[in-house]
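> the sequence isn't on hand, but the structure is:
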């Protein structure tokens, strides 16, 4: 299967880009292909990579907003999560994939429940993903080993799908929800089986303070002590870090997923120490977090929030320029998740978006990337290709209506169950 | 001229809304009208009101980003502004109006140069606006009276247009750019002629510190001393205020335009003291500021930034809930600018937007306003009506391509002039 994207804007000039199977095979030539996309007025950019979300929580979009974090979890989110069926996870994840594809995201990193249903939804959607079963054993640490066995069985199931686009990962939820012995076991398994570890780290001050109280050291120091840190660890949030912790994370080559919209909406109280993290050489990428705390999966919006939150927080309008925000959302994310994507180069994965430069947001056209980061939003995406397959063309995604109906039905049933 | 909007979602139910001339004439009935809009799958909401922008600066979208504020002004913005012709202002304002209409804004408050060309562009675009000629005399205070005469002549020209949608206003730029005697004269004229005064107030700490150094008191105190404050004053930004100043502004019934995106992008260093301002009873509305410091005019985005900046800044996720952000962007703005609009009620101006609830952003549909503020962006707007006239229907605005071509040509000429 081959695709020719004809006369598409690439680095400011109309260019032909040729895709073969799932790769960018050539840039420049005029060749015959099985399929041709007319690139006129479209600009070619790498697909966006969302390195932290809980896709199925798209069902809870705008279900409960503007509440205090713990009240929100206890009164609204946890009770309804307890009712989720595998079918709900499937439809929530389908809706999330639909929204991501529509806004130019070709790859995401997920943590939620019913890993098999996440995988089924992702496989059918055509998007690329790292998927993990959320692991929590703090209420019953003695069941940790049993839960891990269950996780590994689910991971085996994902592997058996033989789908190149889907990578299973381990999903220990956070330091305050996973026992020490399970964290140690998860690190071992991660090393033995070459699995990414998706984790929430130092999101709130309360989390850090509690860790110091219980363990005598801050989360990063404690995790270093137990040997949990390493290059396969992707730490979401990572807001409340001191300079020494940044050094520890950098030395261990931990990957950071920054979630500016969620951090601001849930009022975690600080912006990540971006300049120091960057200077330390950390890989920093971007995530939307789940729809319950964002309330969308639009990585364009997250790029703007990331750049503006840094400028605001540091009182410096030059920090995180547009090009850097775009790197966070593309090549850094791809690298963090271990995919050879995120840039338009021969040999890279054909994970791409074509954006419609006819929209007012792109005029005047002083700087395409500034317009992408600061002026446009996810609705500028016209066509999306993932793994060499067209997932959206001219704004049309297959089964959009069916997915929306399915997700709404799932949510209606959940609300009835809750009341019943 | 009458319009029937049939079966449109209004307060959660399919409703008929009948417009006659420029007003909402009836809600509920089935009547014959000159024109019918099928409301299926569309939700009816008041048009958004942008209370602070510099429309023609849309030409400078992404022209110079991520720079230090004063370097940005001195090296990039001021030199190119000095080259602006009346024709450029016309095309820049047309492009701004196009973008605003597309994203559901039906009314805006502008300050820029060549008031006659602003007015021409607004008149042709069909949008509603308060327009002012930016007034700066600090370099040559003795010319203040002459400049004021020029402003009043321009205001006379706008009045002669006899266009109900356009209100002229006075535009003293800021405390640090306008002489004391001109501020006093502007206040007199504003009272005599019932003109709004569009002003930049306490945007940066530097501005406040310089005022204290030069005048012995902070901007608000100084303006109170010279009698400049009053209900016709619309103060953009108003970031660096202490509690006493908030009380002074509230007592004088000054209107506040909050510009969260611009404030964060230019790193003014703080969020507005929203809770205290609200408690004091101030009218707070929302503005995008100009495209050079935003870089779009999407009020949906500004609502989300406003709500999230407050949550972040106050470490309280319950502050400025979605419904409040929506009020800032609608009824508060209309009230601040003196238009009887911003809510869907019989007798109000027919300034409306119809949003496409079929988009994934609106599913599930737990809370329409939460979805509008937190999930959607300006691209969800399907149809816009201003002053009883349809300006956009099913995403189509008249002359969109011609406007984009005109604006790009203006900008190309400006860049050539600059190099020549």
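Ah, there it is. Given the structure is predicted, the values throughout are model-derived calculations rather than measurements. Residues are numbered from 1 along each chain as shown, chains lettered A, B, ... in the order given.

> the nearest residue to residue A:56 once chain neighbours are set aside: neighbouring residues, count only.
In space, and not counting its chain neighbours, residue A:56 is closest to residue A:92: 3.2 Å by CB to CB, 6 or more residues apart in numbering or on different chains. Where C-beta positions appear, they are placed from N, C-alpha and C, glycine not excepted. Other residues near residue A:92 number 32, with proximity taken as other CB atoms under 10 Å in any protein chain shown.

> what does the model give residue A:92 for pLDDT?
We note a pLDDT of 98 for residue A:92 in this prediction.

> wait, doesn't residue A:261 sit right on residue B:308?
Yes - with contact defined as CB atoms under 8 Å, residue A:261 counts as touching residue B:308 (6.9 Å).

> give me the common contacts of the two.
Shared contacts of residue A:261 and residue B:308, defined by CB atoms under 8 Å, 6 or more residues apart in numbering or on different chains, are found at residue A:305.

> compare those two (neighbour count), which wins?
Neighbours were tallied for residue A:261 and for residue B:308 using other CB under 10 Å; the higher tally belongs to residue B:308 (29 against 26).

> helix/strand/coil for the more buried one?
helix (DSSP: H, G, I helix; E, B strand; the rest coil).

> need the nearest residue in space to it, chain neighbours excluded.
Nearest non-adjacent residue to residue B:308 (CB to CB, 6+ apart): residue A:264, at 4.0 Å.

> so what's the one you found up against?
Residue A:264 makes contact with A:305, A:309, B:308, B:309, B:311, B:312, according to CB under 8 Å, 6+ apart.

> and the stretch 151-300 of chain A, which of its residues are near chain B?
Residues of the stretch 151-300 of chain A found near chain B (CB under 8 Å from any CB of the partner chain) are A:261, A:263, A:264, A:265, A:266, A:267, A:269, A:291, A:294, A:295, A:296, A:298.

> looking at the residues you listed, which two lie furthest apart in space?
Of all pairs drawn from these, the one with the largest separation by CB to CB is A:269 and A:298; the distance is 23.9 Å.

> compare the two (neighbour count), which wins?
Looking at residue A:269 and residue A:298 with other CB under 10 Å, you find the greater number of neighbours at residue A:298, namely 29 against 19.

> do you know how far that one is from residue A:53?
In this view, residue A:298 and residue A:53 are 11 Å apart by CB to CB, to the nearest Å.

> cool, residue A:192 as well?
Counting by CB to CB, the separation of residue A:192 from residue A:53 is 27 Å.

> of the two, give the one with the bigger neighbour count.
When residue A:192 is set against residue A:53 and neighbours are counted by other CB under 10 Å, the residue ahead is residue A:53, at 28 against 8.

> which ones are touching that one?
If a contact means CB under 8 Å, 6+ apart, then residue A:53 has A:96, A:108, A:109, A:110, A:287, A:288, A:289, A:290, A:297 as its contacts.

> verify the contact between the last one and residue A:100 for me.
Looking back up the chat, that one is residue A:297. Yes - using CB under 8 Å, residue A:297 is in contact with residue A:100, at 5.2 Å.

> sorry, back to before: list the residues that contact the residue nearest to residue A:56.
For residue A:92, the contact set (CB under 8 Å, 6+ apart) comprises A:55, A:56, A:57, A:58, A:59, A:407, A:410.

> show me the helices in the stretch 1-150 of chain A, by range?
Taking DSSP state H, counting those that start in this stretch to define them, one finds helices in the stretch 1-150 of chain A at A:69-71, A:78-81, A:86-102, A:115-125, A:144-160.

> buried stuff in the third one?
Of all the residues in helix A:86-102, those buried under the rule 16 or more other CB atoms under 10 Å in any protein chain shown are A:88-102.

> and the closest residue to residue A:125 other than its chain neighbours, how far from chain B?
The shortest distance from residue A:125 to any non-neighbouring residue, by CB to CB, 6+ apart, is to residue A:97 (3.6 Å). Taking CB to the nearest CB, to the nearest Å as the measure, residue A:97 and chain B are separated by 10 Å.

> list the contacts for residue A:97?
Contact analysis of residue A:97 by CB under 8 Å, 6+ apart lists A:55, A:121, A:122, A:125, A:127.

> next: residue A:50.
With CB under 8 Å, 6+ apart as the criterion, the residues that contact residue A:50 are A:100, A:105, A:107, A:108, A:109, A:286, A:287, A:288, A:297, A:299, A:302, A:333.

> using CSV, lay out those residues together with pLDDT.
Output for those, formatted as CSV (pLDDT from 0 to 100):
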residue, pLDDT
A:100, 98
A:105, 98
A:107, 98
A:108, 98
A:109, 98
A:286, 98
A:287, 98
A:288, 98
A:297, 98
A:299, 98
A:302, 98
A:333, 98
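
> circling back: got a winner among the contacts of residue A:264 for most neighbours?
Each of those was scored for neighbours by other CB under 10 Å, and residue A:305 scores highest at 31 neighbours.

> name the element that one belongs to?
Applying DSSP states H and E as the criterion places residue A:305 in helix A:299-314.

> quick one: the closest residue to residue A:165 other than its chain neighbours from residue B:291, how far?
For residue A:165, ignoring the flanking residues on the chain, the nearest one in space by CB to CB, 6+ apart is residue A:128 at 4.4 Å. Residue A:128 sits 35 Å away from residue B:291, going by CB to CB.

> ok now the longest helix along chain A, how far from the chain's centre?
Using DSSP state H to assign secondary structure, the helix with the most residues in chain A is helix A:400-419. Distance of helix A:400-419 from its chain centroid, counting by CA atoms, centre = their mean, to the nearest Å, is 24 Å.

> equivalent analysis for stretch A:411-420, please.
Centre-to-centre, stretch A:411-420 and its host chain are 28 Å apart (CA atoms, centre = their mean).

> for stretch A:369-388, same thing?
Worked out by CA atoms, centre = their mean, stretch A:369-388 lies 16 Å from the chain centre.

> anything in that stretch near chain B?
Yes - using CB under 8 Å from any CB as the criterion, contacts between stretch A:369-388 and chain B involve A:370, A:371, A:374, A:375, A:376, A:377, A:378, A:379.

> neighbours of residue A:399, how many?
Every residue meeting other CB under 10 Å relative to residue A:399 is counted, giving 13.

> quick one: pLDDT of it?
Predicted confidence (pLDDT) at residue A:399: the value is 97.

> any chance of the residues of the stretch 151-300 of chain A next to chain B in JSON lines with secondary structure as columns?
Written out in JSON lines, the entries for these read as follows (three-state DSSP):
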{"residue": "A:261", "secondary structure": "helix"}
{"residue": "A:263", "secondary structure": "helix"}
{"residue": "A:264", "secondary structure": "helix"}
{"residue": "A:265", "secondary structure": "helix"}
{"residue": "A:266", "secondary structure": "coil"}
{"residue": "A:267", "secondary structure": "coil"}
{"residue": "A:269", "secondary structure": "coil"}
{"residue": "A:291", "secondary structure": "helix"}
{"residue": "A:294", "secondary structure": "coil"}
{"residue": "A:295", "secondary structure": "coil"}
{"residue": "A:296", "secondary structure": "coil"}
{"residue": "A:298", "secondary structure": "coil"}
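
> output those in a markdown table; the columns should cover pLDDT.
Conversion of those to a markdown table gives the following (pLDDT from 0 to 100):
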| residue | pLDDT |
| --- | --- |
| A:261 | 98 |
| A:263 | 97 |
| A:264 | 98 |
| A:265 | 97 |
| A:266 | 95 |
| A:267 | 96 |
| A:269 | 93 |
| A:291 | 96 |
| A:294 | 96 |
| A:295 | 95 |
| A:296 | 98 |
| A:298 | 98 |
